[in-house]
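In: predicted structure and sequence below. I'll ask about it afterward.
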Amino acid sequence: MTGAASPKSDGRNECRAVTKRSRSNFAYAFLFLPRAKREALYAIYAFCRLTDDLVDEAATDPSEALDPRAAALRAWRAELDACCREAAGHPVTLRLAEIRRTFPIPRAYFDELLNGVEMDLGGRRYETFAELEQYCYRVAGVVGLMCIEVFGYTQPATRLYAERLGTAFQLTNILRDLGKDAADGRVYLPQEDLRRFGVREEDLAAGRPTPAVRDLVRFETDRARRLYAAARAALPPEDRRAMLPAQIMCAIYARLLREIERRAYDVFSSRVALSDTRRLCLALAAWTKNRLGLA
């Protein structure tokens with residue numbers, strides 16, 4: 001994690017660097033925004049990225065009390081407290097404090113993000129999709145809620161759109177990273193679904209695309225598609241133009257799902273990803289549809 005801000009740094013460069021270094025799909029969603037909003041989203045993304053990085057590695061000790069990730073997360077919570085008191089010491093939180101003076105992003109969203117990341121400690125499992133949805137809301141839905149405060153919206157229903165879209169994005173990420181996560185001791189898909197299709201965690205960790213695993217991935221892919229449809233249905237017409245960045249993300253993630261289908265639900269043989277050129281083309285197509293009122 002980047003160290004404390006220098007006296008001459010306001011965190012702008014650090015936030016921009018974290019975003020660009022990640023090569024995330026989010027970067028394409030920011031392309032068509034005015035500079036002030038784009039810079040604000042760099043700060044939000046950088047905070048979320050650094051938060052996720054705190055627990056991204058597998059635990060070195062099964063005891064949470066001895067898990068250095070837990071200590072790092074507690075320290076990051078303290079830094080968020082400092083940020084909200086206008087006493088930030090980290091370049092990213094320093095910039096985030098400045099952003100929150102312009103865009104009224106509730107503190108509760110950041111707390112929920114930290115709560116969600118904390119759920120990754122201890123190898124937690126989710127018995128039902130309802131339980132997984134809570135995790136998805138915390139690590140992705142609230143990110144969408146943060147972002148729409150920057151995009152600008154007029155209708156309260158747009159918050160539901162952001163929450164549903166975040167859950168859809170997170171489920172797509174879970175499917176894309178299924179093998180790697182399982183090898184690290186993380187199995188996010190509901191245990192009831194694994195039992196339904198007769199899938200063992202050992203098959204996921206070993207990266208074996210058995211017929212049962214493919215059926216499971218197909219089932220969850222269909223669920224993700226329904227989540228995207230539910231999100232689109234929740235978006236009020238009055239806010240569609242302002243949600244261009246979200247629509248760009250939706251186009252990219254929907255294409256990832258199509259890529260999983262094209263591979264006959266084998267998410268293990270190679271990483272499911274899109275080229276920079278493909279993502280840029282999808283962003284441009286989404287921009288065009290948005291401007292023409294077709295999105």
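Out: Happy to help now that I have it.

In: now the strands for the stretch 1-150 of the chain?
Out: Counting by DSSP state E, counting those that start in this stretch, the stretch 1-150 of the chain has no strands to list.

In: domain ranges for the chain?
Out: Listed by automatic domain parsing, the domain ranges of the chain are 10-124, 126-287.

In: distance between the ends of the longest one?
Out: Think domain 126-287. Taking Cα to Cα, to the nearest Å, domain 126-287 runs 37 Å from one end to the other.

In: on that earlier part again, turn the domains of the chain into JSON lines, columns for mean pLDDT and mean neighbour count.
Out: In this view, the C-beta of every residue, glycine as well, is placed from N, C-alpha and C. As requested, the domains of the chain are arranged in JSON lines below (pLDDT from 0 to 100; neighbours: other Cβ atoms under 10 Å):
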{"stretch": "domain 10-124", "mean pLDDT": "88", "mean neighbour count": "18"}
{"stretch": "domain 126-287", "mean pLDDT": "96", "mean neighbour count": "18"}
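
In: keeping just the C-alphas, turn the helix or strand hosting Asp222 into CSV.
Out: Using DSSP states H and E, Asp222 sits within helix 211-234. Provided in CSV are the C-alpha atoms of helix 211-234 (Å, rounded to 0.1, in the frame of the first residue of the first chain):
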residue,chain,number,x,y,z
PRO,A,211,-19.9,-31.9,-16.4
ALA,A,212,-21.3,-31.1,-12.9
VAL,A,213,-19.0,-28.0,-12.6
ARG,A,214,-20.1,-26.8,-16.1
ASP,A,215,-23.8,-27.2,-15.1
LEU,A,216,-23.1,-25.2,-11.9
VAL,A,217,-21.4,-22.4,-13.9
ARG,A,218,-24.2,-22.4,-16.4
PHE,A,219,-26.8,-22.0,-13.6
GLU,A,220,-24.9,-19.1,-12.0
THR,A,221,-24.4,-17.5,-15.4
ASP,A,222,-28.1,-17.5,-16.0
ARG,A,223,-28.6,-16.0,-12.5
ALA,A,224,-26.2,-13.2,-13.4
ARG,A,225,-28.1,-12.5,-16.6
ARG,A,226,-31.3,-12.2,-14.6
LEU,A,227,-29.6,-9.8,-12.2
TYR,A,228,-28.5,-7.5,-15.1
ALA,A,229,-32.1,-7.6,-16.5
ALA,A,230,-33.5,-6.7,-13.0
ALA,A,231,-31.0,-3.8,-12.8
ARG,A,232,-31.9,-2.4,-16.2
ALA,A,233,-35.6,-2.6,-15.3
ALA,A,234,-35.0,-0.6,-12.1
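
In: and Tyr161, how close does it get to Pro245?
Out: Going from Tyr161 to Pro245 by Cβ to Cβ, to the nearest Å gives 13 Å.

In: and what of Arg16?
Out: Noted for Arg16: a distance of 16 Å to Pro245, by Cβ to Cβ.

In: same question for Val142.
Out: According to Cβ to Cβ, Val142 and Pro245 sit 16 Å apart.

In: sorry, back to before: quick one, which of the domains of the chain gets closest to Leu294.
Out: Leu294 lies closest to domain 126-287 among those, at 9.8 Å (Cβ to Cβ).

In: from the chain's centre, how far out does the closest one sit?
Out: 9 Å (Cα atoms, centre = their mean, to the nearest Å).

In: again, but for stretch 110-120
Out: Relative to its chain's centre, stretch 110-120 lies at 12 Å (Cα atoms, centre = their mean).

In: for the stretch 1-150 of the chain, what spans make up the helices?
Out: 12-22, 26-29, 35-53, 68-84, 91-102, 107-118, 129-136, 142-151 (DSSP state H, counting those that start in this stretch).

In: between these, which one is nearest to Leu256?
Out: With Cβ to Cβ, the closest approach to Leu256 among the helices of the stretch 1-150 of the chain belongs to helix 26-29: 12.7 Å.

In: can you tell me what sits against that closest one?
Out: When contacts are defined by Cβ atoms under 8 Å, 6 or more residues apart in numbering, helix 26-29 is touched by residues 19-20, 41, 45, 245-246, 248-249, 252, 279-280, 282-283.

In: dump that helix to CSV, restricted to CA.
Out: Presented in CSV, the C-alpha positions along helix 26-29 are these (Å, rounded to 0.1, in the frame of the first residue of the first chain):
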residue,chain,number,x,y,z
PHE,A,26,-13.9,0.6,-14.3
ALA,A,27,-11.3,2.8,-16.0
TYR,A,28,-13.3,2.5,-19.3
ALA,A,29,-16.5,3.6,-17.6
